[in-house]
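The amino acid sequence is not available; the structure is as follows:
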């Protein structure tokens, strides 16, 4: 027997579908949502559809953007000869927070992970090789997460880029092994950028 | 400088507004949302607007409903002479889960809380008194939360209902079944001793 209206049960189901949100939390969030004034709840719903509609991938670096080119690639003051390879847009944000890097990025949107059936062709490696092959790139900095999959991805890409004769470096192990880039503090990230090693 | 599209920042802000959701979690949820297929993300947005549109208060007990009368009040097998007073619809659900109660409910939608500026007129006490004053009610069971505010609310309502000469009871205090004596707080133990029953 359902004690709540089906529209409310449905909303609870939707919240429970989100990562890290259990049934109890979903219930609390759904109750909060229907307790909001109409305009605020509708603004929330609109924010979802708007984000889905307007967010695209930058045609250069595959960062998220609402135009064709992302805010980093549009910035003419940035060094176009260096590419920092990050696993996802959150990784990009983390590097930006260190204020130590002024080049451009390449967002892989994943890492090579045999256990999850993700191979090199499932992430944006081809696009990186295409960027490097035009000859204007001097250095590629691998900033994948400091775990096995990140390391594997970095080594794979490093080997792929070897024929181009460019410098390929990775973040120094100032970053704590086993952690996630997203949660590394700014100073540690700065040190990791300073101490990057040639691969 | 915003590294993410404004529509995405906006969605993160919306998630961060929800109770118990911090900035990092909001970011994770927003990223998850834009990674969903269009139809699923839109279904989420629709679930919010639908719930806001269709969920109303039962005209009898103020439980949430999508019709005029809620599913409990519609059920003719339930004892109409007993009202269980709960602070919110989640309290109603908790009592229903016990399968021990077959009467009706009254949902207060809050408790008296001077520190939060919530007085007796801000919650649905008038509506309860109106229901009791028609003479068909034999017992009112107070099932507010076992804290100071819940206790205060229960006492206030109990005094209000006194002139009607009906039975007003409250849920028993005592040690929780399945718990360990060692972790039960002193006040609960005191209440459990006070309310001890002959075996």
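Thanks, I have the structure now. Keep in mind that this is a model prediction, so the values were computed, not measured.

what comes into contact with the strand ranked longest in chain A?
When chain A is parsed with DSSP state E, its longest strand is strand A:79-86. Residues outside strand A:79-86 that contact it (C-beta atoms under 8 Å, 6 or more residues apart in numbering or on different chains): A:61, A:92, A:94-95, A:101-108, A:128, A:131-132, A:136-144, A:154, A:157, A:181. The way it works is simple: take the backbone N, C-alpha and C, and place the C-beta from them, glycine included.

And stretch A:15-26, by the same measure?
Outside of stretch A:15-26, the residues within contact range by C-beta under 8 Å, 6+ apart are A:12-14, A:27, A:29-30, B:20, B:25, B:28-29, B:32-33.

Format these as JSON lines; extra columns: neighbour count.
Putting these into JSON lines (neighbours: other C-beta atoms under 10 Å in any protein chain shown) gives the following:
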{"residue": "A:12", "neighbour count": "23"}
{"residue": "A:13", "neighbour count": "14"}
{"residue": "A:14", "neighbour count": "22"}
{"residue": "A:27", "neighbour count": "20"}
{"residue": "A:29", "neighbour count": "21"}
{"residue": "A:30", "neighbour count": "25"}
{"residue": "B:20", "neighbour count": "10"}
{"residue": "B:25", "neighbour count": "18"}
{"residue": "B:28", "neighbour count": "19"}
{"residue": "B:29", "neighbour count": "21"}
{"residue": "B:32", "neighbour count": "16"}
{"residue": "B:33", "neighbour count": "23"}
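
Redo those residues as a markdown table? Include secondary structure, pLDDT and distance to residue B:197.
Converted to a markdown table, the contacts of stretch A:15-26 look like this (DSSP: H, G, I helix; E, B strand; the rest coil; pLDDT from 0 to 100; distance: C-beta to C-beta, whole Å):
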| residue | secondary structure | pLDDT | distance to residue B:197 |
| --- | --- | --- | --- |
| A:12 | helix | 93 | 38 |
| A:13 | helix | 94 | 42 |
| A:14 | helix | 94 | 45 |
| A:27 | helix | 91 | 34 |
| A:29 | helix | 94 | 40 |
| A:30 | helix | 93 | 39 |
| B:20 | coil | 92 | 38 |
| B:25 | helix | 93 | 45 |
| B:28 | helix | 91 | 49 |
| B:29 | helix | 94 | 48 |
| B:32 | helix | 92 | 51 |
| B:33 | helix | 93 | 52 |
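
Can you add distance to residue A:86 and give these back as a markdown table?
Shown next, in a markdown table, are the contacts of stretch A:15-26 (distance: C-beta to C-beta, whole Å):
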| residue | distance to residue A:86 |
| --- | --- |
| A:12 | 35 |
| A:13 | 34 |
| A:14 | 30 |
| A:27 | 36 |
| A:29 | 30 |
| A:30 | 34 |
| B:20 | 29 |
| B:25 | 21 |
| B:28 | 16 |
| B:29 | 20 |
| B:32 | 18 |
| B:33 | 20 |
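
Looking at those residues, which is nearest residue B:43?
Taking C-beta to C-beta as the measure, residue B:43 lies nearest residue A:14 of these, at 7.2 Å.

residues touching residue A:144, list them.
A:85-87, A:91, A:108, A:111, A:150-151, A:153-154, A:170.

let's go with 10 Å and repeat that
Residue A:144 makes contact with A:85-88, A:91, A:108, A:111-112, A:150-157, A:170-171, A:181, according to C-beta atoms under 10 Å, 6 or more residues apart in numbering or on different chains.

and the gap between it and chain B?
Using C-beta to the nearest C-beta, to the nearest Å, residue A:144 is found at 17 Å from chain B.

Just give me the residue right at the centre of chain A.
residue A:88 (1.7 Å; C-alpha atoms, centre = their mean).

for it, phi and psi?
Note on residue A:88: its backbone torsions stand at phi -160, psi 170 [degrees, to the nearest 10].

what do you get for the one 10 residues further on?
The phi and psi torsions at residue A:98 (degrees, to the nearest 10) take the values phi -70, psi -10.

and residue A:40, what is it in contact with?
Here residue A:40 is in contact with A:33, B:14, B:17, B:52 (C-beta under 10 Å, 6+ apart).

Enumerate every residue touching residue A:91.
Contacts of residue A:91 (C-beta under 10 Å, 6+ apart): A:84-85, A:105, A:107-108, A:143-145, A:150, A:180-182, A:184.

List just the nearest of those to chain B.
Checking the contacts of residue A:91 against chain B by C-beta to the nearest C-beta gives residue A:182 as the nearest, at 7.6 Å.

about what we covered before: next, the buried residues of the longest strand of chain A.
If you call a residue buried by 16 or more other C-beta atoms under 10 Å in any protein chain shown, then strand A:79-86 has these buried ones: A:82-86.
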